[in-house]
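Asks: What shape does this take:
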Amino acid sequence: MVVLDTNAVLRFLLQDDVEKASYVCSTLERKTCLFPLEVLAEAVYVLAKNYKIERMLIQQKLLGFLRNKNVRIPNQEVVETALHHFGETTFDFVDCLMIGYAHVEGHQILTFDKKL
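Replies: I've put the predicted structure just below:
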């Protein structure tokens, strides 16, 4: 299994470096790839803050990426729920992950954040 890093995911999603994007694409076609939650969180942050991509578009791009048959991510249902909340709210992505755990797995959230 290949572990994806943020740079690889960003090149694939943004297609801003054709050679690197192509390499990631060919890897995704041939091998099973792990997409760690830490990399997902960093990718969301970079897409929003550095590239100024709208939240709904980030949601769409990442949900599409997760549909690749060779991409594996821990807690996929939690992640998909979190991405939906991210696209529809102003919460930080990590807060959206916590909401995902609460909705999907029935966990309670211990927080002092009144919005959350």
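
Asks: Can you tell me the centre-most residue of the protein?
Replies: Per C-alpha atoms, centre = their mean, the C-alpha nearest to the average position across the chain is that of Leu40, at 3.8 Å.

Asks: element containing that one, please.
Replies: Using DSSP states H and E, Leu40 sits in helix 37-49.

Asks: Show me what the helix or strand that that helix is followed by packs onto, helices and strands only.
Replies: Beyond helix 37-49 on the C-terminal side, the first helix or strand identified by DSSP H and E is helix 55-66. When contacts are defined as 3 or more C-beta pairs under 8 Å, 6 or more residues apart in numbering; DSSP states H and E, helix 55-66 sits against helix 6-14, helix 37-49, helix 76-88. (Each C-beta comes from the backbone N, C-alpha and C, glycine too.)

Asks: Using JSON lines, please lay out those helices together with distance to Ile58.
Replies: Listed next are the helices and strands packed on helix 55-66 as JSON lines, based on distance: least, C-beta to C-beta, whole Å:
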{"stretch": "helix 6-14", "distance to Ile58": "9"}
{"stretch": "helix 37-49", "distance to Ile58": "5"}
{"stretch": "helix 76-88", "distance to Ile58": "7"}
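
Asks: Right, I'll leave it there.
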